[in-house]
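Okay, here's the prediction I keep looking at, along with the sequence it came from:
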Amino acid sequence: MTIPTEPIGSIPRPAELIAAWGDLQAQRISAQQFDQIAEGALRDTIQRFIATGSPVITDGEQTKPSFATYPLAGFTRLAPDGVVIPFADGHTRQLPRLTSGPFHYATYASQYFAAARRLTDTPLKQAVISASALSLLYPPAGIRGYPREAFLSDLVDEAVADIRRSLVHGADSVQIDFTEGRLSLKLDPSGGLLENFVALNNKVIDHFSPQERQRIGVHTCPGGDKDATHSADVDYAGLLPVLFRLDAGRFYIQLASEKDPARVLKTIRQHLHPDQMVFVGVIDPINPAIETPQQVRDRILQAAEYIPAAQLGSTDDCGFSPFADDTSTSRDIAFAKIRARVEGTRLASEKLGRS
């Protein structure tokens with residue numbers, strides 16, 4: 001029995017690429033010069049990803065400004081003073097605020113996929129941002145002449161197009177990043193916001209056939225940025241029963257950094273549907289210590305005590321660098337951790353095959 005294993009997405013950018021982002025914004029280099037640097041970073045990332053033995057890879061999100069805001073690259077109807085997301089170490093990230101409609105994506109994830117596909121035939125997955133995350137762009141006070149209902153309708157159409165374009169281009173799977181799911185319970189402990197988020201994302205997913213949904217997954221974690229999280233203190237028990245009401249076929253769930261993984265696995269077992277796959281996190285991107293293949297193996301075998309092996313996969317808890325300026329983790333550490341995940345999953349597969 002072979003346990004599938006997949007990455008979440010982002011890989012730390014090389015120092016040259018991080019510097020180039022700043023130089024481009026300051027107009028010290030041209031767009032063409034930036035593209036040359038970015039092409040080199042992308043090529044190196046894919047080569048190193050393949051060298052880990054990972055059966056499925058990503059582009060490392062090397063040229064995304066962030067996992068959340070890439071659709072806005074080139075979109076001008078924005079102000080910088082949107083929702084602020086605080087992290088446990090005190091730093092914050094801030095979303096922009098929509099100032100007028102109509103809303104549309106200026107950049108689709110398939111653009112990144114196409115660039116990576118030119119460099120490899122290895123199966124590629126593509127991460128996209130959730131409609132629920134982008135719904136936070138709309139200001140509480142509303143926008144004159146562009147009601148929230150019209151915005152959400154436009155948002156759903158664009159989120160559907162973002163997923164469909166990646167599938168049409170040949171993505172092995174499309175992963176919806178839903179890190180705001182756990183955060184929503186901090187913002188609204190009643191769970192009402194989470195219910196709204198799930199309903200909105202289902203409006204997107206329900207545009208796809210049952211066969212397509214098996215290639216669409218949802219990623220949840222407590223956020224990971226600069227070695228800090230935004231919602232690790234929120235109990236998973238409030239999220240998971242609602243999460244599995246999403247009509248997706250795959251779920252990528254942070255678990256390696258959880259204090260009581262058995263408790264989380266019990267909850268997963270209670271709410272997992274027969275047609276859903278669960279990829280449990282076996283690598284903690286925030287912890288600089290590199291997991292051993294044996295640690296990964298044991299984490300998967302523990303998960304197999306609760307989840308049918310035919311519905312089980314392994315992954316990383318989160319992306320290693322979801323924002324372009326994050327330098328908290330080195331590329332060498334990230335790829336070493338991925339190699340441990342691949343080898344540990346192989347060991348777990350062998351063990352389960354003998355049982």
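Yes, it's here.

Contacts only, for residue 73.
Each residue near residue 73 by CB atoms under 8 Å, 6 or more residues apart in numbering is listed here: 65, 106, 107. Where C-beta positions appear, they are placed from N, C-alpha and C, glycine not excepted.

and which of these is nearest to residue 88?
Comparing the contacts of residue 73 against residue 88 with CB to CB picks out residue 65 as the nearest, at 23.2 Å.

surely that closest one meets residue 322?
No. Contact between residue 65 and residue 322 fails when scored by CB atoms under 8 Å: they sit 10.5 Å apart.

Looking at those two, which one has more neighbours?
residue 322 (24 against 16; other CB atoms under 10 Å).

Can you verify my assumption that that one contacts residue 224?
Yes. Between residue 322 and residue 224 there is a contact at 6.7 Å, judged by CB under 8 Å.

returning to what we had before: make a markdown table from the contacts of residue 73 and add pLDDT to it.
Formatted as a markdown table, the contacts of residue 73 follow (pLDDT from 0 to 100):
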| residue | pLDDT |
| --- | --- |
| 65 | 89 |
| 106 | 97 |
| 107 | 97 |
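
Now, those residues that are in helices?
The helices in this structure, assigned by DSSP state H, contain none of the contacts of residue 73.

Closest one of these to residue 137?
Nearest member of these to residue 137, counting by CB to CB, is residue 106, at 12.8 Å.

Skip the chain neighbours and tell me the closest residue to that closest one.
Spatial nearest neighbour of residue 106, chain neighbours left out: residue 74 (3.5 Å); criterion: CB to CB, 6 or more residues apart in numbering.

same question, residue 112
Nearest residue to residue 112 in three dimensions, chain neighbours excluded: residue 59, at 5.5 Å (CB to CB, 6+ apart).

Kindly indicate whether the one you found is helix, strand or coil.
Classification of residue 59 using DSSP: H, G, I helix; E, B strand; the rest coil returns coil.

same thing with the one 4 residues further on?
Assigned by three-state DSSP, the conformation of residue 63 is coil.

Report how many residues lie close to it.
23.

Next one: it, what pLDDT does it get?
According to the prediction, residue 63 has pLDDT 92.

Same question for residue 313, what's its three-state structure.
strand.

quick one: pLDDT of it?
pLDDT, read off for residue 313, is 98.

you'd agree it is up against residue 280?
Yes. Counting by CB under 8 Å, residue 280 is a contact partner of residue 313 at 7.4 Å.

more neighbours, these two?
residue 280 (28 against 24).

In three-state terms, label the more buried one for me.
strand.

what's near enough to touch the residue nearest in space to the middle of the chain?
Nearest to the geometric centre of the chain sits residue 177, at 3.8 Å (CA atoms, centre = their mean). Neighbouring residues of residue 177 by CB under 8 Å, 6+ apart: 9, 67, 68, 127, 128, 129, 130, 133, 219.

can we see that at 10 Å?
Residues in contact with residue 177, defined by CB atoms under 10 Å, 6 or more residues apart in numbering, are 8-10, 67-68, 127-130, 133, 217-221, 252, 318-319, 322.

Distance of the residue nearest to residue 112 relative to residue 9?
Residue 59 sits 8 Å away from residue 9, going by CB to CB, to the nearest Å.

Can you pull the residues that touch both of these two?
125, 126, 127.

burial of the first one, as a residue count?
Burial of residue 125 is recorded as 23 neighbouring residues (other CB under 10 Å).
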